[in-house]
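>>> quick check, what structure comes out for this input:
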Amino acid sequence: MYYNAALVLEGGAMRGLYTSGILDVLLKKDIQFKTVIGVSAGSLSGANYVSKQYQRTYDINIKYRDDKDYISMANVLKKESIINLDFLFADHGPTWHNFDARAYERSETNFVVVATELTSGKAVTFNKPKPGTPFITALEASSSMPLISKPVETAKGLCLDGGIADSIPYDIAKKAGIDKIVVVRTRPREYQKKPTSFALQRIYRRYFKEYPKFIEAAIARPENYNKSVAELNKLEQQKEVFVLAPEHTVKVGRLEHNTKKLKELYQAGTEDMEKQFAAMIEYLEN
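Numbers count the residues shown, from 1 in each chain. Predicted structure coming up:
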């Protein structure tokens, strides 16, 4: 079933295994959305959902989490991004889970990738980027974490993690006039970010001294995140949006090594989606 609705995917690095569990249930049940909006890890999972590749996110992160060609702290010393997205989208041969660029292009879904532009400190979007360099660049820009990843040069300027400017981009769907919005979070509803520490503020100011607007956005992220969550919770109570979120604290690090934890988080996503599936369909069809 194809719904004239938006699916919004929060980031969270390896917490994105929760999202992938939800998306795989949707794929099994052949549920598609007219618009998919992803930020950071949400954009990576979203890409595999749009190309209809069941368990691709799960398989790669479980089987290749410790592959140095995929994720390596040593890349920081070489001033490169910790996560090598070229690894995810390169052709590794017929036995590997290669990205299905043709299926992605054939999809009628508008796939929106969100990143943060450094000069303005504001969110920028890439709408259905073409497979190849534009596609990889957009995803890399969206998911490159400040301080441990290098900024990415894009058609819309130098960018980093979309979560800095817009951690849960349901507002993009609302501004587009989309009436039905399903939001997949990677934190429990009650989660609140703590204020940016003075030590981290100093690091931001030193590291990004050429981009004062980005510094402002990075420091203000916890406050803006908490405001966004408060509004989202209100919209959910008013049944204007449908939210899927973990019921308990997610004890998975951003670059989690423990694949057992990742498997459990993925399973939590699949179970939550199965539990909430009928309610979500009712929301979409009401």
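
>>> so residue 213: helix, strand or coil?
Reduced to three states with DSSP: H, G, I helix; E, B strand; the rest coil, the structure at residue 213 is helix.

>>> need the contact list for the nearest residue to it once chain neighbours are set aside.
Leaving aside its sequence neighbours, residue 213 sits nearest to residue 121 (CB to CB, 6 or more residues apart in numbering; 3.3 Å). For glycine as for every other residue, the C-beta is placed from the backbone atoms N, C-alpha and C. Contacts here follow CB atoms under 8 Å, 6 or more residues apart in numbering; on that basis residue 121 touches 164-165, 211, 213-218.

>>> sticking with residue 121, tell me its helix or strand.
Residue 121 belongs to no helix or strand when elements are defined using DSSP states H and E.

>>> and what of residue 87?
Judged by DSSP H and E, residue 87 forms part of helix 85-89.

>>> what's that helix packed up against?
When contacts are defined as 3 or more CB pairs under 8 Å, 6 or more residues apart in numbering; DSSP states H and E, helix 85-89 packs onto helix 133-143.

>>> tell me which residues touch residue 142, please.
11, 38-40, 43, 113-115, 126, 159, 161-162.

>>> what's the separation between residue 272 and residue 202?
Using CB to CB, to the nearest Å, residue 272 is found at 39 Å from residue 202.

>>> of the two, which one has the most company?
Between residue 272 and residue 202, counted using other CB atoms under 10 Å, residue 272 has the larger neighbour count: 19 against 10.

>>> thought the more buried one was touching residue 243?
No: judged on CB atoms under 8 Å, residue 272 makes no contact with residue 243 at a distance of 10.8 Å.

>>> residue 286: neighbour count?
Neighbour number of residue 286 under other CB under 10 Å is 7.

>>> quick check, pLDDT for it.
Here, the pLDDT recorded for residue 286 equals 87.

>>> use 28 as the first number from now on
I'll keep to 28 as the first residue from here, and by that count the last item is residue 313.

>>> where in this protein is pLDDT low?
100-108 (pLDDT under 70).

>>> again, 80 this time
The chain contains residues with pLDDT under 80 at 97-110, 112, 281, 283.

>>> can you map out the strands along it?
29-36, 59-66, 137-144, 150-154, 179-181, 184-188, 208-211, 269-271 (DSSP state E).

>>> I'd like these laid out as CSV, including mean neighbour count and distance to residue 127.
Formatted as CSV, the strands of the chain follow (neighbours: other CB atoms under 10 Å; distance: least, CB to CB, whole Å):
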stretch, mean neighbour count, distance to residue 127
strand 29-36, 22, 18
strand 59-66, 25, 15
strand 137-144, 27, 13
strand 150-154, 19, 19
strand 179-181, 18, 24
strand 184-188, 24, 26
strand 208-211, 25, 22
strand 269-271, 20, 25
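
>>> export those to a markdown table and tack on distance to residue 260?
Shown next, in a markdown table, are the strands of the chain (distance: least, CB to CB, whole Å):
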| stretch | distance to residue 260 |
| --- | --- |
| strand 29-36 | 14 |
| strand 59-66 | 18 |
| strand 137-144 | 21 |
| strand 150-154 | 21 |
| strand 179-181 | 32 |
| strand 184-188 | 23 |
| strand 208-211 | 11 |
| strand 269-271 | 8 |
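
>>> residues in contact with the closest residue to residue 73 other than its chain neighbours?
Once flanking residues are discounted, residue 73 sits nearest to residue 65: 3.5 Å by CB to CB, 6+ apart. Going by CB under 8 Å, 6+ apart, residue 65 touches 35-36, 38, 71-74, 138-141, 169.

>>> tell me which of these is nearest to residue 287?
Nearest to residue 287 among the contacts of residue 65: residue 72, at 19.9 Å, using CB to CB.

>>> so the closest one versus residue 92, what's the distance?
Distance from residue 72 to residue 92, by CB to CB: 15 Å.

>>> for residue 133, same thing?
30 Å.

>>> same drill for these two, tell me which one is more crowded.
Between residue 133 and residue 92, counting by other CB under 10 Å, residue 92 is the more crowded of the two (16 against 11).

>>> give the contact list for that one.
Applying CB under 8 Å, 6+ apart, we find residue 92 in contact with 98, 283-284, 286, 289.

>>> give the burial count for residue 203, as a bare number.
Using other CB under 10 Å, residue 203 has 13 neighbouring residues.

>>> dump the residue contacts of it.
Neighbours of residue 203 in contact, by CB under 8 Å, 6+ apart: 33, 62.
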